[in-house]
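S.K.: what shape does this take:
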Amino acid sequence: MKQADWLRLLLLSAIWGASFIFYRIIAPVLGAIWTAETRVLLAGLALLVFAVFSKANLEVHRWRWYGIVGVLNSGLPFALIAFAQLKLTASMAAILNATTPMWSVVVGMVFFKGQFTLSRGLGLLLGIVGVAVLVGWSPLEPSLQTTLSILAMLTATFFYGLASNLAKTFLAGAPLGAAVGSQIASSVVLAFALPFDLPRAVPDLRVVLCVVALALICTAVAYILYFRLILDVGAVQASTVTLIVPIFGMIWSRIFLGESITLEKVLACAIIFSGVGLINNMLPMAKKPQAS
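M.R.: Residues are numbered from 1 along each chain as shown. Modelled structure (predicted):
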């Protein structure tokens, strides 16, 4: 990865780390579906305006893949994350989000002829252990809602992993088109579910501002950065943005929500990061020996 790629990765991590703060504020008021819908609809419209004024070629002939990737990478995950954060803390959700690169590898190996290696196998195992540490030591009381919330987060990251592979395979060369098309398509699909999950209350100014920030910054701006990374460095490498997201998620949640940074969170992060490092050949034992 070039220096510009690392800078984009760091900026994207800080932006997406803040999204979990906004979810925690918005979801209890608007509900999961309305939170996701407002995010993708406002982001899609903002990106469309930007594309029109910049006279960008959106390559609309790829609309089918824009729709598929949009639903898998935005619509469904956003709704699942919003549902999960009705129960989970912002920092815990951000840490679970770090399993995305593992799903990218699993999907790549199963559906896109990716190669299985010992380091990748160990990395996946470490990822499972990290999730177990986070969940097992969590102060949240075991309940059906807690279990469903954790499963919702892991399902969302699976969709992220699937969508990143599809985007790399079928949307190469169209970062802005993918960003615009995916958000518009997601908003259309989610609209059908709106009557089944009505808002809990009338949003106040704080919630409205969080919705705007979530849509325009954490989605419109972030997805341009994200699709650019996928095209430049690949699906798995781009998904490692989730390695840094939990760090920012814990920092922002500590500053703005007063959530504590606990030992189990730090330990779970370290274990999951190590697993992703093995998966992506970022650790010494994952490197292939040089021929002498």
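S.K.: helix, strand or coil: sort out Ala201 for me.
M.R.: coil (DSSP: H, G, I helix; E, B strand; the rest coil).
S.K.: thinking Ala27 is in contact with Leu88, fair?
M.R.: No - Ala27 lies out of contact with Leu88 (C-beta atoms under 8 Å); the separation is 10.4 Å. (Glycine included, C-beta is placed from N, CA and C.)
S.K.: can you pull the contacts of Tyr23?
M.R.: Shown in contact with Tyr23 (C-beta atoms under 8 Å, 6 or more residues apart in numbering): 35, 81-82, 85, 90, 93, 214.
S.K.: verify the contact between Trp252 and Ala18 for me.
M.R.: Yes - using C-beta under 8 Å, Trp252 is in contact with Ala18, at 5.2 Å.
S.K.: higher neighbour count, these two?
M.R.: Neighbours were counted for Trp252 and for Ala18 using other C-beta atoms under 10 Å; Ala18 has more, 25 against 21.
S.K.: please tell me how far that one sits from Met250.
M.R.: Going from Ala18 to Met250 by C-beta to C-beta, to the nearest Å gives 12 Å.
S.K.: same thing with Thr262?
M.R.: Counting by C-beta to C-beta - Thr262 and Met250 are separated by 9 Å.
S.K.: looking at those two, which one has more neighbours?
M.R.: Neighbour tally, Thr262 and Met250, criterion other C-beta under 10 Å: the higher count belongs to Met250, 25 against 16.
S.K.: state the number of residues packed around Ile217.
M.R.: Neighbourhood size, Ile217 [other C-beta under 10 Å]: 16.
S.K.: show me where the stretch 101-250 of the chain has helices.
M.R.: Counting by DSSP state H, counting those that start in this stretch, residue ranges of the helices within the stretch 101-250 of the chain are 118-136, 144-170, 175-191, 205-215, 222-233, 235-239, 241-257.
S.K.: please produce JSON lines containing those, extended by distance to Trp103 and mean pLDDT.
M.R.: As requested, the helices of the stretch 101-250 of the chain are exported to JSON lines (distance: least, C-beta to C-beta, whole Å; pLDDT from 0 to 100):
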{"stretch": "helix 118-136", "distance to Trp103": "9", "mean pLDDT": "78"}
{"stretch": "helix 144-170", "distance to Trp103": "3", "mean pLDDT": "89"}
{"stretch": "helix 175-191", "distance to Trp103": "18", "mean pLDDT": "89"}
{"stretch": "helix 205-215", "distance to Trp103": "23", "mean pLDDT": "97"}
{"stretch": "helix 222-233", "distance to Trp103": "15", "mean pLDDT": "80"}
{"stretch": "helix 235-239", "distance to Trp103": "8", "mean pLDDT": "67"}
{"stretch": "helix 241-257", "distance to Trp103": "10", "mean pLDDT": "86"}
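S.K.: contact partners for the nearest residue to Trp103 once chain neighbours are set aside?
M.R.: The spatially closest residue to Trp103, leaving aside those adjacent along the chain, is Gly161, at 2.8 Å (C-beta to C-beta, 6 or more residues apart in numbering). Contact partners of Gly161, counting by C-beta under 8 Å, 6+ apart, are 100-107, 239.
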